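K.L.:
show me how the following folds:
(one chain, ligands or ions: 2)
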Amino acid sequence: MPTPDSSQVSLCQSAGFQQATIVAHEPIAEATWRLRVDCPAIATAARPGQFAMLRIPNRQDPLLARPLAVYDVFADLADPTSWRPPAAAGSQPAPTDRRYADFVYAVAGKFTTSATALRPGDAISLWGPLGNGFQRPVTDHLVLVAGGIGQTALLMLGRDLLAHSPTSRVTFCWGARHGGLFGHVEDFRAAGLDVHLATLDGSLGTQGTVIDLLDRLEADGNLARREEETTTIACCGPEKMMAAVSRWATTRGLTCQVSLETPMACGIGICFSCVAPVIDKQGSWDYRRTCIEGPVFDGTAIDWEAMA
Ligand SMILES: Cc1cc2nc3c(=O)[nH]c(=O)nc-3n(C[C@H](O)[C@H](O)[C@H](O)COP(=O)(O)OP(=O)(O)OC[C@H]3O[C@@H](n4cnc5c(N)ncnc54)[C@H](O)[C@@H]3O)c2cc1C
Ligand code: FES
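P.N.:
Ligands and ions are numbered 1, 2, ... in the order given. Next up is the predicted model:
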């Protein structure tokens, strides 16, 4: 099958894009920005783990949109420019009342560097929500594990499970190179999550990786408080970190969903630029498009060796 070139992909993409107005946009940590758009179509429909493709209108470089996870959604806020999190986990708006969608991005390349110049009142093009999102696990204890900018896929899942499922506690483990990279950690605390941080340089939280942090929580008896308590992991971050977390979970017999951040060109299944090697139930593997069959997969289904 011929692979579409970038202009064909761009043409196909233009079908589903809508323009939305930016209402707030500020740096929240080192090289990390938070963007709020007035976009009821995405805010009402987004489920935890879904993403949107974003473009800066009337710009040809980069030509293709970039995927960003939907970080959070809000109803009509008294002050839409305030980042202050809702007071309690239960105070989330009904889906039909939602109006604003937030994205958090790390400045990495062309799109994210250009995006930092956008101001409130400017327009941005979005297509979403896209992807499968997380399956809602039936579990007593959900452990969310983020590396780098991976926290963006996890906030809504943690809050959603605490509010609408038998899950009685959600532990959030977040690892970064240093403490200056954590932005708006208070969102996770306000959502009722038990927050634990790890930094490679030891500047904040546990010194080491998120695996060191998981080991410490396990040793302290924080991961399984009762023998019959079920624990499930959901994870997002760099591939090597997700591979390690998935292995960590497997050795303990725990289910682990991972949200892949493979580069994407179209976001809607036509270009095959986003494929990941996924093992099926028979043990053979095939490439799966992370944009429409993911980005969330069972960690044990990913052939991590082939991903590297
Ligand atoms: C489902 C999903 C959700 C995501 N959510 C977020 C989010 O919430 N926040 C966030 O900050 N990021 C997120 N990302 C990652 C983000 O889309 C990328 O970092 C994106 O490339 C940034 O665009 P850019 O133009 O700024 O950088 P780019 O110019 O695309 O480059 C970004 C970096 O990736 C490298 N790179 C680019 N293409 C490739 C490739 N094909 N193979 C290997 N390396 C490559 C570049 O060298 C550079 O270091 C998500 C990705 C996916 C798939
Ligand atoms: S990004 Fe084009 S098929 Fe997935």
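K.L.:
how about the contacts made by the closest residue to ligand 1 within the chain?
P.N.:
Here the chain gets closest to ligand 1 at one residue, G109, 2.1 Å apart by CB to the nearest ligand atom. In this view, the C-beta of every residue, glycine as well, is placed from N, C-alpha and C. The contact partners of G109, by CB atoms under 8 Å, 6 or more residues apart in numbering, come to P62.
K.L.:
so what's the backbone phi/psi at it?
P.N.:
Per-residue torsions, G109: phi -150, psi -150 (degrees, to the nearest 10).
K.L.:
quick thing: my sequence starts at 43, can you match it?
P.N.:
Taking 43 as the first residue, the last one we looked at is G151.
K.L.:
can you give me the buried ones in stretch 324-333?
P.N.:
Buried residues in stretch 324-333, counting neighbours by 16 or more other CB atoms under 10 Å, are found at R330, R331, T332, C333.
K.L.:
and which of these is nearest to F214?
P.N.:
Using CB to CB, T332 comes nearest to F214 of the buried residues of stretch 324-333, at 23.5 Å.
K.L.:
that closest one contacts A318, correct?
P.N.:
Yes. Using CB atoms under 8 Å as the test, T332 is close enough to A318 to be in contact (5.2 Å).
K.L.:
anything in contact with each of the two?
P.N.:
Residues touching both T332 and A318 comprise L302, T304, F339, with contact defined as CB under 8 Å, 6+ apart.
K.L.:
neighbours of the second one, how many?
P.N.:
By other CB atoms under 10 Å, the residues close to T304 number 16.
K.L.:
ligand 1 contacts on the stretch 43-192 of the chain?
P.N.:
Applying the criterion CB under 6 Å from any ligand atom, the portion of the stretch 43-192 of the chain that neighbours ligand 1 consists of 93, 104, 108-111, 146-148, 150-154, 173, 191.
K.L.:
so of those, which ones are in strands?
P.N.:
In strands, judged by DSSP state E, the following of these are found: F93, R108, P109, L110, A111, V146, Y147, A148.
K.L.:
from the buried residues of stretch 324-333, which is closest to R78?
P.N.:
Taking CB to CB as the measure, R78 sits nearest to C333 out of those, at 24.0 Å.
K.L.:
part of a strand, is the closest one?
P.N.:
No. Going by DSSP: H, G, I helix; E, B strand; the rest coil, the assignment for C333 is coil, not a strand.
K.L.:
my read: it touches P305, true?
P.N.:
No. With contact defined as CB under 8 Å, C333 does not count as touching P305 (10.4 Å).
K.L.:
joint contacts of these two?
P.N.:
By CB under 8 Å, 6+ apart, the residues touching both C333 and P305 are C316.
K.L.:
next helix or strand past the top strand by length along the chain?
P.N.:
In the chain, taking DSSP E as the definition, the longest strand is strand 60-71. Per DSSP states H and E, strand 60-71 leads on to strand 74-80 as the next helix or strand towards the C-terminus.
K.L.:
for the helix or strand following that following strand, packing partners?
P.N.:
Along the chain past strand 74-80, the next helix or strand (assigned with DSSP H and E) turns out to be helix 82-87. Counting by 3 or more CB pairs under 8 Å, 6 or more residues apart in numbering; DSSP states H and E, the packing neighbours recorded for helix 82-87 are strand 114-116, strand 142-148, strand 165-172.
K.L.:
of the residues of the stretch 43-192 of the chain next to ligand 1, the lowest pLDDT goes to which?
P.N.:
Note: of these, the lowest pLDDT belongs to P104, at 89.
K.L.:
quick check: that residue touching T155?
P.N.:
No. P104 sits out of contact with T155 when judged by CB under 8 Å, with a separation of 9.9 Å.
K.L.:
neighbour count: those two, which is higher?
P.N.:
When P104 and T155 are compared for neighbours, P104 comes out ahead with 17 against 12, by other CB under 10 Å.
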